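Participant: Sequence plus predicted model, see below.
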Amino acid sequence: MKNCFNAKSLKRQIRVARGAESADLVIKNCRAVNVFSCEITDGDIAIVDGIVVGIGSYSGKNEIDAHGAYAIPGLIDSHIHIESSFLTPEEFGRLAVPFGTTTVIADPHEIVNVCGMDGFKFMVKASEKTALDIKFMVPSCVPATEFETSGARFDSKQIAKVMGMEKVLGLGELMNYVDALACEDEMVKKIAIARKYNKFIDGHAPDVAGKDRQAYAAFGARTDHESSTLQEMRETIQCGMYVEMRDGSACHDLENLAAGVTEKNSRRCLLCSDDRHPVIFYKKGHVNSHLRICVQKGIDPITAIQMGSLNAAHAYHLYDRGAIAPGFRADIVLVDNLENFDAQKVFIKGELVAQDGKYLKAVKKVPIKKVASSVNIKNYSKEKLTLRLSDKSEKVTVHAIELSPGSIVTKDALVQTVTDEGGNFVFDPDVDLVKIAVVERHHNTGNVGLALLKNYGIKQGAVALTVAHDSHNIICAGTDDEQMDAAIRAVEKAGGGIALIHQNKQIAFLPLPVAGLMSDRDAVWVKERLEQIHEAAKVLGVNPKIGSVSTLCFMALPVIPELKVTDKGLFDVRQFKFVDIRVN
């Protein structure tokens, strides 16, 4: 796009808007949705230098007939981790744009936890190779806590180096709310840097309520994507924050929170994915699927569109987009109706970049050498998977991480299990309780954290992956040490990936050579292998209501209640400390 702010371009925009000259592009015969007046206007959209200059009757050097389609603003995902799509930014753009997504607010804390500054720079550089406008939040919690081992540390000094970048909108989700509320020095420094640059601060505060919620908002946190109840949603909005209503691969809070959207509070509601796999994209779409859910739940279609465009643009101070109106970026999506929101054509800065589900731009990629995976587990051995609970064979009561469908919030379940003659945990096929291990993969420490997992459902075999939020060590769940070890060794050999073992044989695998998090292949290829993994999980007997990968990878995140496990052991998020597996 040409410089649309120089005097020559501005004069031309004015002349075209007044009808004195022809536009660069006119999208004819639209039904344009106005998110300011909440009206629908029949007419043409005139575009000059990638900017909308008028809606009405216009002629252009290039004209595209919309045939009466609705024109809605380009959609904005207000919070997403691109790495969790298993795709690099170039491929993520190719996947997301045809669904009507024109901007995403990305927090690259997954790859920064593995690769540090090299990971951040890789994501920024790769983002320049796609039509999708990818904005970044600087990771605030690398590592998420001091209770796990990450591949890198991203402290206030490093944050200060990148906070002023044009593509950076602010400080990423403050998931270590305990340190933030305790005024821990380093955390306060990070917050102060964002405030100094007048940049946005993303929140992450599950179960933080009352005066703690107010304190969280007081230091500048302006969003929260962890609201899962209407009460949390209400309190978040009361504190002047935006609620990011999430529908991703593992968490589906939007369906519940939609009931809390009213005419009075809707402008404080945003839409986000957080984490979204290619399989979900191909089945449901992206932000357009969020709009679909909103309308199905009784939200007015134009209000839903505001939530997926204008609200996010205003929240993140992107005042050049989020609407189809004079002076705004020509990020426009043509849809056949305001119920399904299936995208026919997608324009970014006035350029047709996707049509009928196909991305029209060439895909060029940046080298991955600096972020190629490094899996260092030389001090690991199968013997470290032994979970000793007693000195003899007996019944013992243990703390187990209990999974719930559609959520990464877990429960602390007290369960009785039987040990073998050596006092070690053994899998009982009649009891839905399996071992889960987190193997440190960055610094060859030999750390192996062990715990027990309830409701995962696996009956035979093991699942291992190098994606384990947020430090991304190897996480593995299985029925016996031999098969767990086989799965762990499989991802080690590949330098990162997802492996499923059944009867001591590998039955599905997705290699992830980019930091052990992302593939270097295209979305279709990744989708097909994820589908193979999904089918293989059925063979293992994994609970069909639980994501075999999308849920398991969150079991190492020690900032989501109630119990999680890191490479250092079983962690109680409520007490913010490690606890014994066995109940005394």
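Facilitator: Okay, I see it.
Participant: quick one: low-confidence parts of this protein?
Facilitator: 1-3 (pLDDT under 70).
Participant: Going by length in residues, pull out the top strand of it.
Facilitator: Using DSSP state E, we find that the single longest strand of the chain is strand 23-34.
Participant: Which strands or helices does it pack on?
Facilitator: Packing contacts for strand 23-34, counted by 3 or more CB pairs under 8 Å, 6 or more residues apart in numbering; DSSP states H and E, involve strand 39-48, strand 51-56, strand 60-65, strand 70-73, strand 332-335. The way it works is simple: take the backbone N, C-alpha and C, and place the C-beta from them, glycine included.
Participant: Direction included, what does the fourth one pair against?
Facilitator: It refers to strand 70-73. Each strand paired with strand 70-73, and its direction, by DSSP bridges: strand 23-34 (parallel), strand 332-335 (antiparallel).
Participant: who touches the last one?
Facilitator: It refers to strand 332-335. 27, 30, 45, 52, 66, 69-75, 100, 102, 288, 324, 341-347 (CB atoms under 8 Å, 6 or more residues apart in numbering).
Participant: please redo it, this time with the cut-off set to 6 Å
Facilitator: Outside strand 332-335, the residues that touch it by CB atoms under 6 Å, 6 or more residues apart in numbering are 66, 69-72, 74, 100, 341, 343-347.
Participant: ditto for stretch 575-584
Facilitator: 178, 389, 396-399, 569-572.
Participant: Now it: buried residues?
Facilitator: Of all the residues in stretch 575-584, those buried under the rule 16 or more other CB atoms under 10 Å are 579, 581.
Participant: Check stretch 322-339 too.
Facilitator: 322-325, 328-335, 338.
Participant: one step back: reformat the helices and strands packed on strand 23-34 as a markdown table; add distance to Glu110.
Facilitator: As requested, the helices and strands packed on strand 23-34 are exported to a markdown table (distance: least, CB to CB, whole Å):
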| stretch | distance to Glu110 |
| --- | --- |
| strand 39-48 | 36 |
| strand 51-56 | 35 |
| strand 60-65 | 38 |
| strand 70-73 | 29 |
| strand 332-335 | 28 |
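Participant: Surely Lys564 and Phe571 touch.
Facilitator: Yes: judged on CB atoms under 6 Å, Lys564 makes contact with Phe571 at a distance of 5.1 Å.
Participant: What ranges does the stretch 51-200 of the chain have for its helices?
Facilitator: Using DSSP state H, counting those that start in this stretch, the helices of the stretch 51-200 of the chain run over residues 89-96, 109-115, 117-127, 156-162, 177-181, 185-196.
Participant: Mind putting those helices into JSON lines with mean neighbour count?
Facilitator: Listed next are the helices of the stretch 51-200 of the chain as JSON lines, based on neighbours: other CB atoms under 10 Å:
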{"stretch": "helix 89-96", "mean neighbour count": "27"}
{"stretch": "helix 109-115", "mean neighbour count": "28"}
{"stretch": "helix 117-127", "mean neighbour count": "21"}
{"stretch": "helix 156-162", "mean neighbour count": "17"}
{"stretch": "helix 177-181", "mean neighbour count": "21"}
{"stretch": "helix 185-196", "mean neighbour count": "17"}
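Participant: Out of these, flag the one nearest Val295.
Facilitator: Ranking those by proximity to Val295 (CB to CB) places helix 89-96 first, at 20.5 Å.
Participant: Let me see the ranges of the strands in the stretch 251-400 of the chain.
Facilitator: 269-272, 332-335, 343-348, 351-355, 358-359, 395-402 (DSSP state E, counting those that start in this stretch).
Participant: Need the winner for burial among the ones you listed.
Facilitator: Ranked by mean neighbour count under mean count of other CB atoms under 10 Å, these are led by strand 269-272, which reaches a mean of 28.
Participant: Just checking: what are the partner strands of it?
Facilitator: Looking at strand 269-272 with DSSP bridges, its partner strands are strand 242-246 (parallel).
Participant: Can you name the residues in contact with the partner strand?
Facilitator: Under CB under 6 Å, 6+ apart, the answer for strand 242-246 is 78-79, 223, 225, 227, 233, 236, 253-254, 257, 268-272, 274, 315.
Participant: quick revisit: give me the common contacts of Lys564 and Phe571.
Facilitator: By CB under 6 Å, 6+ apart, the residues touching both Lys564 and Phe571 are Pro558.
Participant: tell me how far the ends of stretch 196-212 are from each other?
Facilitator: 23 Å (CA to CA, to the nearest Å).
Participant: What sits closest to Val287 if chain neighbours are left out?
Facilitator: Distances taken as CB to CB, 6 or more residues apart in numbering place Leu75 nearest to Val287, at 3.9 Å, with adjacent residues excluded.
Participant: Check Thr102 too.
Facilitator: In space, and not counting its chain neighbours, Thr102 is closest to Gly74: 2.9 Å by CB to CB, 6+ apart.
Participant: what about that neighbour, how many residues close to it?
Facilitator: Counted by other CB atoms under 10 Å, the residues lying close to Gly74 total 29.
Participant: ok, now Leu540?
Facilitator: 25.
Participant: cool, Lys211 as well?
Facilitator: Close neighbours of Lys211, defined as other CB under 10 Å, add up to 10.
Participant: do the one 4 residues further on as well
Facilitator: In terms of burial, Ala215 registers 16 neighbours under the definition other CB under 10 Å.
Participant: Contact partners for it?
Facilitator: Neighbour list for Ala215: Leu181 [criterion: CB under 6 Å, 6+ apart].
Participant: likewise Phe86?
Facilitator: Counting by CB under 6 Å, 6+ apart, Phe86 has contacts 518-519, 526.
Participant: Please apply the same query to Phe92.
Facilitator: Phe92 is in contact with 82, 85, counting by CB under 6 Å, 6+ apart.
Participant: again, but for the one 10 residues further on
Facilitator: Contacts of Thr102 were listed using CB under 6 Å, 6+ apart, and they are 74, 331, 348.
Participant: Distance-wise, check Leu530 relative to Ile280.
Facilitator: Going from Leu530 to Ile280 by CB to CB, to the nearest Å gives 9 Å.
Participant: With Gly495 instead?
Facilitator: Taking CB to CB, one finds Gly495 at 26 Å from Ile280.
Participant: Neighbour count for those two, which is higher?
Facilitator: Ile280 (21 against 17).
Participant: The more buried one contacts Ala250, correct?
Facilitator: No: applying CB under 6 Å as the test, Ile280 and Ala250 come out as separate, 10.0 Å apart.
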